[in-house]
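Engineer: Just need the structure, nothing else, for what follows:
(chains A and B)
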2 protein chains.
Amino acid sequence: MRAVLHVCTTCREVATEADPMADPATDPDAPRPGALLHAALSDAAPEGVEIRGVECLSACSQGCSVALSGTGKWTYVYGRLTPADCADILAGASAYAASADGIVPWRERPVIFRKQSLARIPPHTPLQERR
Amino acid sequence: MRAVLHVCTTCREVATEADPMADPATDPDAPRPGALLHAALSDAAPEGVEIRGVECLSACSQGCSVALSGTGKWTYVYGRLTPADCADILAGASAYAASADGIVPWRERPVIFRKQSLARIPPHTPLQERR
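Structural biologist: Model prediction:
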């Protein structure tokens, strides 16, 4: 395992160009789009990627959302995803897992990762001693 | 040092309710708002918080942006910040540094942290062994 893909299970979808009719106000008892995305991704986890559900990645206006992290790697958060993006998310996660620092060459990233980044955070490195 | 506050130094400001006239197309040679925010924060780093500049947190449409992280803690990313938010950012970073897991009680968070979260990511924990 060289990467963790956190998938927000409480995300609702937002309206996107691809799906301008996405309606977050649908049946409150229906499974959340985030939970459906988590289930779909879990069924097909690639080598080296551990998939973990998480309640709220705090990117609620940009759901569905996922985060990729790993020891010594940059962390990436992506949003405005749908279950239809499953194959691309897994391909991107696989390339991320195979990278040393989490930075995958631009052309090798799925288009959703190029265009739907919400944030990236540098790898955690030891803190400086207090002067 | 119990927390790192990453500050994007390449961020431009976006128009906000507080500053609807913010214009990202101003003089290209002028210091970036993100660099100004980084400088202002660095001048006043509280106990337990290390401030690091970083070129691009990939939240360009939500600048200025910062990220808080620490060993064993949730990571938080905030956006739509300006140098005027300096005192609140530092107060929030200080409370974060003092917390065990990065989760500061809601009422103790500065309003900008309550309302301008872009994402949060669970702490990095050991990966499961491959079955």
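Engineer: could you measure the most centrally placed residue in chain A against chain B, distance?
Structural biologist: With distances taken as C-alpha atoms, centre = their mean, A:V66 lies nearest the centre of chain A, 2.1 Å away. Distance of A:V66 to chain B, computed by C-beta to the nearest C-beta, to the nearest Å: 10 Å. (Each C-beta comes from the backbone N, C-alpha and C, glycine too.)
Engineer: was I right about that residue contacting A:I89?
Structural biologist: Yes. The criterion here is C-beta atoms under 8 Å, and A:V66 meets it with A:I89 at 6.3 Å.
Engineer: Give the residues shared as contacts by the two.
Structural biologist: Taking C-beta atoms under 8 Å, 6 or more residues apart in numbering or on different chains as the criterion, A:V66 and A:I89 both touch A:L5, A:L41, A:Y78, A:L81.
Engineer: now, among the residues you listed, which is nearest to B:T71?
Structural biologist: Set against B:T71, the nearest of the shared contacts of A:V66 and A:I89 by C-beta to C-beta is A:L5 (21.3 Å).
Engineer: Secondary structure of the closest one: a strand, I assume?
Structural biologist: Yes. Secondary structure assignment places A:L5 in a strand (DSSP: H, G, I helix; E, B strand; the rest coil).
Engineer: For it, give me its contacts.
Structural biologist: When contacts are counted by C-beta under 8 Å, 6+ apart, A:L5 touches A:L41, A:A45, A:V49, A:E50, A:I51, A:R52, A:V66, A:A67, A:L68, A:I89, A:A93.
Engineer: Identify the spatial nearest neighbour of the second one, chain neighbours not counted.
Structural biologist: Spatial nearest neighbour of A:A45, chain neighbours left out: A:I51 (4.9 Å); criterion: C-beta to C-beta, 6 or more residues apart in numbering or on different chains.
Engineer: Near the one you found, how many other residues are there?
Structural biologist: A:I51: 21 surrounding residues under other C-beta atoms under 10 Å in any protein chain shown.
Engineer: I figured it hits A:S42, correct?
Structural biologist: Yes. Between A:I51 and A:S42 there is a contact under C-beta under 8 Å: 5.0 Å.
Engineer: A:G48 contacts A:L68, correct?
Structural biologist: No. Assessed by C-beta under 8 Å, A:G48 is found out of contact with A:L68, at 11.7 Å.
Engineer: Find the residues that touch each one of the two.
Structural biologist: With C-beta under 8 Å, 6+ apart, A:G48 and A:L68 have common neighbours A:A3.
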